[in-house]
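1. After the sequence you'll find the predicted model.
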Amino acid sequence: MAKRSVAALIAALVAGSLLTSAPHPRAEAAGTGEGGPPSAAGVDLDTVTIPQLQARMAKGSLTSSALTQAYLRRIKDVDPKIKAVLRTNPKALRQAAESDARHRKGETLGPLDGIPVLLKDNVDTRDMPTTAGSLALAGSPPDADAKLVTRLKEAGAVVLGKTNLSEWANFRAAKPTSGWSAVGGQTRNPFVLDRNPCGSSSGSAAALASSLSQVAIGTETDGSIVCPAGMSGVVGHKPSLGLVSQSGVVPISAEQDTAGPMARNVTDTALTLSVLSEDRAAVRTPRPGSLRGKRIGLWRLPSLGKEVDAVMTRTAKKLRGAGAEVVEVTPPYQKRLAELEFPALLSEFHRDIDAYLATRKGPRDLAGLVEFNRSHPEEQKCFAGQELFEQALEAPPTTDPKYRAMRAELKDLSSRSIDETMAEHRLDAIASPTNPPAWTTDCARGDNDVIPSSTPAAVAGYPSLSVPAGSVDELPVGLLLMAGDREDAGLLSLGAAVERRLDAWRAPRYLPSTGPDSTR
């Protein structure tokens, strides 16, 4: 595969987004609830890209202040339906005004200057609370911004606010309900409000689907960026491990955790990664373009149901129609990965959450957090369990030889599951369904979220990218693309071509229900 720097990818994506305007199917009454699309100064917020916004700001036909005000109005008008945004930033309009001054002087700081960004509320911000959804952290804000927040601010981005999430990133109870936190309540899927948004970056994905921000930041240990993106019909990129700093992000496991960009299109996702990345030179890619000659391995996952498999069949037909070669694959070692991953995460969580809590006011360690939850009934409104916390307290330390052997085997098998599959079939990427149709939210039952597609890349620390692929009735289904370590830009390049071919994005309709209750 020929390789170019991430700058070449960004330039090509920017040019493409400025020169072309792919048709997007618009759901009726998708905007404000009054029948029209959301807009700012004549800009369709549903479909506009960052390069198009920057072109307007450069000409003076749009300001960051007007754009930020439009998104703040959207949050006020629309968010009560979905409960995706925990709080807005009182400094957002000041940051937008500072960006406008830079635009007037021709001294912009890069592609995100003046662009509103929402942050998942497990990303530290020194001027806003960072709670991970828990009342235990709802007091004083952290002392410092997460490193990725510093990068966003240095790039001139407008920090619009914080999004709800599955409490403690869904690592508390054995049967949690994704999108619920004691701080924010239940985030709803914007397509069908009684359905689940998947976890744990649920608020970030639902906010983007509802056009409450231009881009958002999510975090993932295994599936928590890509599943919400798929379930809400947006784009989510889980970067290669280490490409985005973990500093100042509430942890589960340093061996798998990463923050990553989410947006309504691949162009904006790639531009956001270019700001977040700690190692841009290590990310290489061919110039994005045609799918002709690309080889994609389709991992069908029939366990997600016949309707999802039908979406994959239609997807494969469209990709072949664009000149791609699609071959069916089954990455090996998945059963063993499923056996080993959870026990390893328990040990890593105990180590990493103790280190994080020591930096915050509130419970000083995991044992103190368990006691806090037992003594605060508000933490038990949706589900009472904290079985994962309790199991983590009893897990062997990360210095234990058995743990070390477990993590070494995980790293080896997960990397081989992707590397061997790609080598055997000479693939540019492996593709699979990101998610089933959203299940009905039910605190008593909990999630129905055994979704194996995210695991190989998550455990290996390799990149994955979810783009909209289609839907089952009203409910979006994503296509998950994964590739080798530090092939993020190449994956985004391929994802942009896949996105253009599938053309599956659509705006939500906020339906109260689709009919009979179901778990899928």
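-> Right, received. Where do you want to start? Numbering: from 1, shown residues only.
2. So the closest residue to residue 256 other than its chain neighbours versus residue 347, what's the distance?
-> Closest residue to residue 256 apart from its sequence neighbours, by C-beta to C-beta, 6 or more residues apart in numbering: residue 221 at 4.9 Å. Glycine gets a C-beta too; all of them are placed from N, C-alpha and C. Distance, residue 221 to residue 347, by C-beta to C-beta, to the nearest Å: 14 Å.
3. before we move on, back to that, I'd assumed residue 253 was in contact with the residue nearest to residue 256.
-> Yes. Using C-beta atoms under 8 Å, residue 221 is in contact with residue 253, at 5.8 Å.
4. Give the intersection of the neighbour lists for these two.
-> Common contacts of residue 221 and residue 253 (C-beta atoms under 8 Å, 6 or more residues apart in numbering): residue 345.
5. Do you have the strands of the stretch 51-200 of the chain handy? List them.
-> Remark: strands assigned in the stretch 51-200 of the chain by DSSP state E, counting those that start in this stretch are 85-88, 116-120, 158-163, 180-181, 185-186.
6. can you tell which of these is closest to residue 136?
-> strand 180-181 (11.3 Å; C-beta to C-beta).
7. what distance separates the closest one from the centre of its chain?
-> How far strand 180-181 lies from its chain's middle: 17 Å, per C-alpha atoms, centre = their mean, to the nearest Å.
8. Same check on stretch 463-483?
-> 12 Å.
9. Pick out the residue closest to the middle of the protein.
-> Closest to where the C-alpha atoms of the chain average out (C-alpha atoms, centre = their mean) is residue 225, at 2.9 Å.
10. C-terminal to the helix or strand bottoming out on mean pLDDT in the chain, what's the next element?
-> Least confident helix or strand, the chain: strand 284-285 with a mean of 42, by mean pLDDT, DSSP states H and E. In the C-terminal direction, the helix or strand that comes right after strand 284-285 (DSSP states H and E) is strand 295-298.
11. Pull the residues that contact the next helix or strand along the chain from that next one.
-> Downstream of strand 295-298, the first helix or strand assigned by DSSP H and E is helix 306-321. Here helix 306-321 makes contact (C-beta under 8 Å, 6+ apart) with 291, 296, 298, 300-302, 326, 431-433, 436-437, 469-472, 477, 479, 498, 501-502.
12. same thing but 10 Å
-> Here helix 306-321 makes contact (C-beta atoms under 10 Å, 6 or more residues apart in numbering) with 291, 294, 296, 298-305, 324-328, 431-437, 469-473, 475-479, 497-498, 501-504, 520.
13. same question, stretch 411-418
-> 255-256, 297, 330-334, 336-337, 340-341, 344, 423, 427, 429-430, 455-462, 464, 482-485.
14. Just the buried ones from the residues you listed?
-> Using 16 or more other C-beta atoms under 10 Å as the burial test, the contacts of stretch 411-418 include 255-256, 297, 331-334, 337, 340-341, 344, 427, 429-430, 455-462, 464, 482-485 as buried.
15. Among these, which lie within helices?
-> Counting by DSSP state H, those place 334, 337, 340, 341, 344, 455, 456, 457, 458, 459, 460 in helices.
16. For residue 131, see how far away the first one is.
-> To tie it back to what came earlier, the one meant is residue 334. Applying C-beta to C-beta to residue 334 and residue 131 gives a distance of 34 Å.
17. May I have the predicted confidence score for residue 35?
-> pLDDT, residue 35: 47.
18. Next up, the contacts around the nearest residue to residue 206 once chain neighbours are set aside.
-> Nearest residue to residue 206 in three dimensions, chain neighbours excluded: residue 84, at 4.1 Å (C-beta to C-beta, 6+ apart). If you count contacts by C-beta under 10 Å, 6+ apart, residue 84 has them with 75, 78, 118, 163-165, 179, 184, 187-188, 190, 197, 202-210, 212-213, 216, 232.
19. follow-up on the earlier one: got a ChimeraX select line for the buried ones in the contacts of helix 306-321?
-> For the buried members of those, the matching ChimeraX selection, counting by 16+ other C-beta under 10 Å, is:
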select :291,294,296,298,299,300,301,304,305,324,325,326,431,432,433,434,435,436,437,469,470,471,472,475,476,477,478,479,497,498,501,502,504
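20. ok, back up a step: shouldn't the residue nearest to residue 256 be in contact with residue 246?
-> No. Residue 221 is not in contact with residue 246 according to C-beta atoms under 10 Å; the separation is 11.0 Å.
21. Neighbour count for the two, which is higher?
-> Using other C-beta atoms under 10 Å as the criterion, residue 221 and residue 246 rank with residue 221 on top: 25 against 19.
22. circling back to that earlier point, take the contacts of helix 306-321 and keep only those in helices.
-> Mapping the contacts of helix 306-321 onto helices (DSSP H) picks out 497, 498, 501, 502.
23. Just the closest of these to residue 405, please.
-> residue 498 (38.1 Å).
24. Okay, the closest one and residue 468: tell me how far apart.
-> Separation of residue 498 from residue 468 (C-beta to C-beta): 10 Å.
25. Am I right that residue 120 is in contact with residue 250?
-> Yes. Using C-beta under 10 Å, residue 120 is in contact with residue 250, at 9.3 Å.
26. Can you check which residues contact both of the two?
-> Joint contacts of residue 120 and residue 250 (C-beta under 10 Å, 6+ apart) are 130, 132, 133, 165, 169, 219.
27. Mind giving me the ChimeraX select for those, buried ones only?
-> To isolate the buried members of the shared contacts of residue 120 and residue 250 in ChimeraX, using 16+ other C-beta under 10 Å:
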select :130,132,133,165,169,219
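28. Adding pLDDT and distance to residue 159, write the shared contacts of residue 120 and residue 250 out as CSV.
-> Listed next are the shared contacts of residue 120 and residue 250 as CSV, based on pLDDT from 0 to 100; distance: C-beta to C-beta, whole Å:
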residue, pLDDT, distance to residue 159
130, 98, 12
132, 98, 18
133, 98, 19
165, 98, 16
169, 98, 20
219, 98, 16
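29. so of the shared contacts of residue 120 and residue 250, which ones are in helices?
-> Going by DSSP H, the helices hold none of the shared contacts of residue 120 and residue 250.
30. from the shared contacts of residue 120 and residue 250, which is closest to residue 238?
-> Among the shared contacts of residue 120 and residue 250, and counting by C-beta to C-beta, the member closest to residue 238 is residue 219, at 9.1 Å.
31. Tell me the secondary structure at the closest residue to that closest one other than its chain neighbours.
-> Spatial nearest neighbour of residue 219, excluding adjacent residues (C-beta to C-beta, 6+ apart): residue 259 at 4.7 Å. Here residue 259 is recorded as strand under DSSP: H, G, I helix; E, B strand; the rest coil.
32. which residues touch residue 259?
-> Applying C-beta under 10 Å, 6+ apart, one finds that residue 259 lies in contact with 119-120, 122-123, 146-149, 201, 217-220, 225, 238-239, 243-246, 248-249, 276.
33. what separates it from residue 109, distance-wise?
-> Applying C-beta to C-beta, the value for residue 259 to residue 109 is 20 Å.
34. From residue 307, how far out is residue 477?
-> Separation of residue 477 from residue 307 (C-beta to C-beta): 8 Å.
35. correction: residue 483
-> Distance of residue 483 to residue 307, computed by C-beta to C-beta: 27 Å.
36. With residue 429 instead?
-> 24 Å.
37. Could you do residue 298 as well?
-> Taking C-beta to C-beta, one finds residue 298 at 16 Å from residue 307.
38. in the stretch 401-520 of the chain, which segments are predicted with low confidence?
-> 515-520 (pLDDT under 70).
39. can you rerun that using 50?
-> Regions of the stretch 401-520 of the chain meeting the criterion pLDDT under 50 cover residues 517-520.
40. again with the chain
-> Residues of the chain meeting the criterion pLDDT under 50: 1-6, 18-23, 25-35, 283-286, 517-520.
41. change it to 70
-> For the chain, the ranges with pLDDT under 70 are 1-36, 280-288, 515-520.
42. who touches the residue of it most remote from its centre in this structure?
-> When distances are taken from the C-alpha mean of the chain, residue 105 lies farthest, 34.2 Å away, according to C-alpha atoms, centre = their mean. Applying C-beta under 10 Å, 6+ apart to residue 105 gives no contacts.
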